[in-house]
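Enquirer: Predicted model follows, preceded by the sequence.
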Amino acid sequence: MIRSITTLLVPIPTIRTHKLACTVMNEQTLVLVHIQTEDGLEGWGEATTIGGLNYAEESPHSIKTNIDTYFTPLLLKEAPTSTAKAMQLLNQHIIGNRFAKCAIETALLDIEGKRLGIPVSELLGGRVRNELEVAWTLASGNTDQDISEAKQMIEQKKHRIFKLKIGSNPINEDISHVLAIKQAIPEYRVTVDVNQAWTELEAMSAIKRLQAGGVDLIEQPISMRNQAGLKRLKEHFEVAIMADEIVQDLQNAFRLAVDHCADVFAVKINQAGGLKAACLIGQMAQLAGIELYGGTMLEGPIGTAASAHVFSTYPSLNFDTELFGPLLLTEDILARPLDYSNFGLSVPTGPGLGIEVDRDKIYHYAGLSLSAVSNTNSQPYLAAENSL
Ligand code: MUC
Ligand code: MG
């Protein structure tokens with residue numbers, strides 16, 4: 001039975017400037033959700049996005065406001081007795097808001113796993129792997145800096161797949177940048193993410209050159225509104241074309257899968273609207289013969305752990321993951337950091353998400369004192385069953 005739902009905006013500086021076609025980041029605002037039950041269990045969820053409203057339709061502030069104003073009163077009043085019923089209730093009464101829904105579902109599954117003594121991955125059908133290979137995104141905006149960052153990552157056995165954020169510079173400049181990096185580390189996988197910046201015509205000529213230069217994967221080169229164009233690119237080129245921003249809710253992912261609009265789907269738990277939806281999108285993609293890639297919205301460790309549980313359940317994950325979000329932040333908010341080693345991330349094995357948060361750090365970065373948040377939205381919550 002839910003006793004309280006608390007939302008926190010937690011801005012944390014990044015280790016360096018991170019440049020995407022749609023925004024330039026120097027900090028990331030984590031949106032954290034903390035749920036407590038009447039019988040003393042607690043769960044954490046995260047609904048982080050990128051660059052305010054630059055990337056998606058929900059911003060950190062809209063997520064927090066909508067959870068506080070609409071989600072929490074509804075959940076406390078209707079008292080759903082399981083995660084599934086809670087999500088059904090939210091989906092019946094709240095249109096869209098997939099990021100916010102994802103955070104709530106994550107926190108409820110964290111509680112459910114703790115109650116049953118099993119990891120979230122087992123609530124999602126069961127993991128088939130304990131380790132996930134993790135790509136690093138080179139996005140300093142400077143070619144030499146990116147090359148030395150990549151070499152350092154390889155030497156330290158942290159990452160050996162590199163994704164380059166392009167699309168904000170003139171195309172020739174971007175292509176020279178990518179090819180210089182590929183030439184500096186020829187034996188390693190180099191992918192590009194254009195974040196929708198090119199027209200279809202621009203993409204046609206740019207991808208031709210990137211393919212010839214040995215780039216391994218092209219992510220969301222054109223607008224998410226041009227579904228037919230993405231399919232045309234996929235059919236035209238041998239190099240794998242990945243759908244990212246265009247993969248949204250279940251219905252839209254279903255249509256993309258049926259139409260085979262891309263070679264690979266980047267699945268993100270927040271974009272999908274939750275962990276179970278992300279699992280379903282993975283299943284739909286695989287049924288349609290589409291490859292999978294474990295994406296990130298640059299979440300901190302809570303959303304990253306949740307994503308890791310989801311991706312651990314995919315029968316095949318041929319394009320690996322990019323769950324590096326926590327490593328881009330100057331501070332960790334866990335008592336014990338996630339285990340990144342040997343080019344990958346270990347999927348936590350403890351009950352629920354299998355993580356322990358550092359409450360003091362979270363409140364410190366949220367600019368709050370412990371007493372200021374301990375009673376937020378706390379109301380009695382009664383129900384006949386007790387699976388929450
Ligand atoms: C995206 O579009 O894939 C992933 C890595 C990164 O730097 O940005 C994200 C979002
Ligand atoms: Mg992307």
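Expert: Arrived safely. Ligands and ions are numbered 1, 2, ... in the order given.

Enquirer: what about the closest residue to ligand 1 within the stretch 101-250 of the chain, which SS state?
Expert: As assessed by Cβ to the nearest ligand atom, ligand 1 sits closest to residue 137 within the stretch 101-250 of the chain, at 3.8 Å. In this view, the C-beta of every residue, glycine as well, is placed from N, C-alpha and C. Per DSSP: H, G, I helix; E, B strand; the rest coil, the secondary structure class of residue 137 is strand.

Enquirer: who touches the nearest residue to residue 184 once chain neighbours are set aside in this structure?
Expert: Spatial nearest neighbour of residue 184, excluding adjacent residues (Cβ to Cβ, 6 or more residues apart in numbering): residue 147 at 4.6 Å. Residues in contact with residue 147 (Cβ atoms under 8 Å, 6 or more residues apart in numbering) are 180-181, 184-185.

Enquirer: same question, residue 253
Expert: Residue 253 touches 247, 265, 272, 280-281, 284-285, counting by Cβ under 8 Å, 6+ apart.

Enquirer: and if you look at residue 22?
Expert: Residue 22 makes contacts with 50-51, 54-55, 195-197, as judged by Cβ under 8 Å, 6+ apart.

Enquirer: mind giving me TSV with those and columns for neighbour count and distance to residue 113?
Expert: Shown next, in TSV, are these (neighbours: other Cβ atoms under 10 Å; distance: Cβ to Cβ, whole Å):
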residue	neighbour count	distance to residue 113
50	21	28
51	17	32
54	15	33
55	19	29
195	23	34
196	20	36
197	22	39
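
Enquirer: Distance-wise, check the closest residue to residue 341 other than its chain neighbours relative to ligand 2.
Expert: Residue nearest to residue 341 in three dimensions, not counting chain neighbours: residue 157, with 7.3 Å by Cβ to Cβ, 6+ apart. Separation of residue 157 from ligand 2 (Cβ to the ion, to the nearest Å): 25 Å.

Enquirer: Please apply the same query to residue 284.
Expert: For residue 284, the distance to ligand 2 - Cβ to the ion - is 19 Å.

Enquirer: I figured residue 151 hits residue 181, correct?
Expert: No. With contact defined as Cβ atoms under 8 Å, residue 151 does not reach residue 181; the gap is 10.3 Å.

Enquirer: So between the two, which is more surrounded?
Expert: The neighbour count for residue 151 versus residue 181, taken as other Cβ atoms under 10 Å, is higher for residue 181 (23 against 13).

Enquirer: Return the residues in contact with residue 23.
Expert: Going by Cβ under 8 Å, 6+ apart, residue 23 touches 50-52, 54-55.

Enquirer: What's opposite the closest residue in space to residue 199 that isn't next to it in sequence in the beta bridge?
Expert: Leaving aside its sequence neighbours, residue 199 sits nearest to residue 222 (Cβ to Cβ, 6+ apart; 6.7 Å). Beta-bridge pairing of residue 222 under DSSP bridges involves residue 198.

Enquirer: Residue 341 too?
Expert: Going by DSSP bridges, residue 341 forms beta bridges with residue 344.

Enquirer: Tell me how far it lies from residue 327.
Expert: Applying Cβ to Cβ, to the nearest Å, the value for residue 341 to residue 327 is 12 Å.

Enquirer: Please identify which of these two sits among more neighbours.
Expert: Remark: of residue 341 and residue 327, residue 327 carries more neighbours, 20 against 11, as counted by other Cβ under 10 Å.

Enquirer: Excluding covalently adjacent residues, which one is nearest to the more buried one?
Expert: In space, residue 327 is closest to residue 340, 6.6 Å off (Cβ to Cβ, 6+ apart).

Enquirer: returning to what we had before: any chance of the contacts of residue 22 in TSV, plus pLDDT?
Expert: Shown next, in TSV, are the contacts of residue 22 (pLDDT from 0 to 100):
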residue	pLDDT
50	97
51	96
54	95
55	96
195	97
196	98
197	97
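
Enquirer: which stretches of this structure have low pLDDT?
Expert: The model of the chain has pLDDT under 70 over residues 369-388.

Enquirer: OK, contacts around the residue nearest the centre of it?
Expert: For the chain, residue 296 is the residue whose C-alpha lies nearest the centre (Cα atoms, centre = their mean; 2.9 Å). For residue 296, the contact set (Cβ under 8 Å, 6+ apart) comprises 268, 303-304, 307, 321-325.
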